[in-house]
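> have a look at this prediction, sequence included:
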Amino acid sequence: MEQSNTKPHLVLLSAPAHLMPVIELGKRLVSCQDVKVTIFVASFVQSAAAESRMVRSALTTKLFDVIHLPPADVSNLVAPGDQGIPSLSAAVRVVRPAFQAAISALETPPTALIVHVFAIECLRIADELKIPKYVFVSTNAWFLALIMYTPVLDKEVKGEYVDKKEPFALPGCSPIRAEDLPDPMLFRTKANYHEYLKIGMEIPKADGILVNTWEELQPKTLASLRDGNLLGSVAKAPVFPIGPINSEGSAALRIELFDWLDKQPTDSVLYISFGSMGGLSLEQMTELARGLELSQQRFIWVVRPPTQKSGGGSGPKVGNASDDMSSYLPEGFISRTRDRGQVVPQWAPQVEILSHPSCGGFFTHCGWNSAIECITNGLPMIAWPLYAEQRMNATLLTEELGIAVRSQTLPSTGVVGRDEIGKMVRKIFVDDAGRQMRARVKEMKLGAETAWSKSGSSYNALAEMVKHCQKCL
């Protein structure tokens, strides 16, 4: 495609339900590298309205164009038991013709194409346009290493991964235990696994890989991805760590909850949220409520209706919308904890709460976006992984980075009791171990700020990526 002499024009494509990291990447490209950006939004029919609301709330200034592709209806393309990555891949296949037509019709020809990792089906459109192509992995480098090494494991490992006792070796990286594997790797006969494997085979075909971490946070894993004798032999394409990419929230947002937060001591409040799709059973909600009472610590708990009566949490699930919490929280819980806790139905402004001086910790499902928001605010975590790659993230946060605690029982497979929950809460707020975690994560917060300062590692990596795409033309 013929290029104009104007500034580089980068086209970004979000996968359904993964819009926010792509929006934030677009903001960094415009503000730090002075490039033109156009973002295309792929969505499901069911979530198109929600995606539109996210765009409106994210774009407080007109930094770039956002173009909505026709929402994809995959109801007849994916079996009921094959949700997850198969749904994402099917949606991207449906919108591909519309995306190809729209990108070809842009008034300013694109310099490069950047696709979210779950929209990788559209990566090769760049070949037809004769422009460089990049993949944006919105989670961490350890996950990137695993998904790219999965085609090797697929040939070496016999039988189901979950039946293996020994951890799986990733050259130059921390090994991964079977119980920490992402959901798509749990059953090799499922469509989820085959789509996941396909992504691992496609990523190395990109001209470059952007990953939502920073040099100082995961130096060992990033080094292995660049070493031709280790994972670099699989990765091949240059890796650009350009994190942390996360929302800064809105300083202007104020709700009644913040009047209560303003009155609490610094670093004293635990924020509890399991993401937009994280569900708990009624039994587990009861144990969590009792554990919070036992801990005697301040808290804000974003509560959604239970997904089932008993057993451990599983996901992704969404409970029925309801603001009436009296039917599923222990009798009298709200009144007994009113002096030190706030129970919020359905939703709360997470970014703004985590950045408030009174917030001192995060009880989290370990989605990578939430983990980054916690690190960049210098907060220790209670890791409560439920689905996707969250068990990997929990292990990274607890064992490698040392900034989180987690339960002995996996919340995705069993019920964690009130005594253990109370002890975990007190550990990060009262015990010496919690003070040590808090000191470590505050150092990481400073490291994240340095990474995005001028001449910082992530600032430079993004500049190198822009130069790289111009050289590849």
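Right, received. Where do you want to start?

> CA atoms of stretch 359-371 as CSV?
Extracted in CSV, the C-alpha atoms of stretch 359-371 (Å, rounded to 0.1, in the frame of the first residue of the first chain):
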residue,chain,number,x,y,z
CYS,A,359,-7.1,1.8,50.1
GLY,A,360,-4.5,-0.7,51.5
GLY,A,361,-5.0,-3.9,49.6
PHE,A,362,-7.0,-5.8,46.9
PHE,A,363,-8.8,-9.1,47.2
THR,A,364,-8.7,-10.0,43.5
HIS,A,365,-9.5,-12.6,40.9
CYS,A,366,-6.0,-11.9,39.5
GLY,A,367,-7.0,-10.7,36.0
TRP,A,368,-3.8,-9.1,34.7
ASN,A,369,-5.4,-5.7,34.3
SER,A,370,-6.5,-5.7,37.9
ALA,A,371,-3.1,-7.0,39.0
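
> separation between the residue nearest to Y459 when sequence neighbours are not counted and P204?
Using Cβ to Cβ, 6 or more residues apart in numbering and skipping residues adjacent in sequence, the residue nearest Y459 is W452, 5.6 Å away. Any C-beta I mention is one placed from the backbone N, CA and C, and that applies to glycine too. Applying Cβ to Cβ, to the nearest Å, the value for W452 to P204 is 27 Å.

> ditto for E216
Relative to P204, and taking Cβ to Cβ, E216 is found at 25 Å.

> just H18 next, same as before
21 Å.

> neighbour-wise, which of the two wins?
Taking neighbours as other Cβ atoms under 10 Å, H18 and P204 compare with H18 leading, 18 against 15.

> hey, where'd the helices end up in the stretch 151-300 of the chain?
191-202, 219-226, 232-235, 256-261, 282-295 (DSSP state H, counting those that start in this stretch).

> distance between the longest one and the chain's centre?
Counting by Cα atoms, centre = their mean, to the nearest Å, helix 282-295 is centred 26 Å from the centre of its parent chain.

> torsion angles phi and psi at F362?
phi -130, psi 120 (degrees, to the nearest 10).

> beta-bridge partners for it, please?
Y271, M381 (DSSP bridges).

> in TSV: the helices of the stretch 151-300 of the chain, plus mean pLDDT, distance to E373 and mean neighbour count.
Shown next, in TSV, are the helices of the stretch 151-300 of the chain (pLDDT from 0 to 100; distance: least, Cβ to Cβ, whole Å; neighbours: other Cβ atoms under 10 Å):
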stretch	mean pLDDT	distance to E373	mean neighbour count
helix 191-202	96	25	20
helix 219-226	97	21	20
helix 232-235	90	27	18
helix 256-261	92	16	14
helix 282-295	96	21	21
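
> compare those helices and give me the one nearest I242.
helix 219-226 (11.6 Å; Cβ to Cβ).

> packing partners for that closest one?
Counting contacts by 3 or more Cβ pairs under 8 Å, 6 or more residues apart in numbering; DSSP states H and E, helix 219-226 packs against helix 141-156, helix 232-235, strand 239-241.

> could the ones you listed go into CSV alongside distance to R391?
What follows is those, written out as CSV (distance: least, Cβ to Cβ, whole Å):
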stretch, distance to R391
helix 141-156, 11
helix 232-235, 23
strand 239-241, 22
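
> which of these is buried the deepest?
When those are scored by mean count of other Cβ atoms under 10 Å, the highest mean neighbour count falls to strand 239-241 (a mean of 24).
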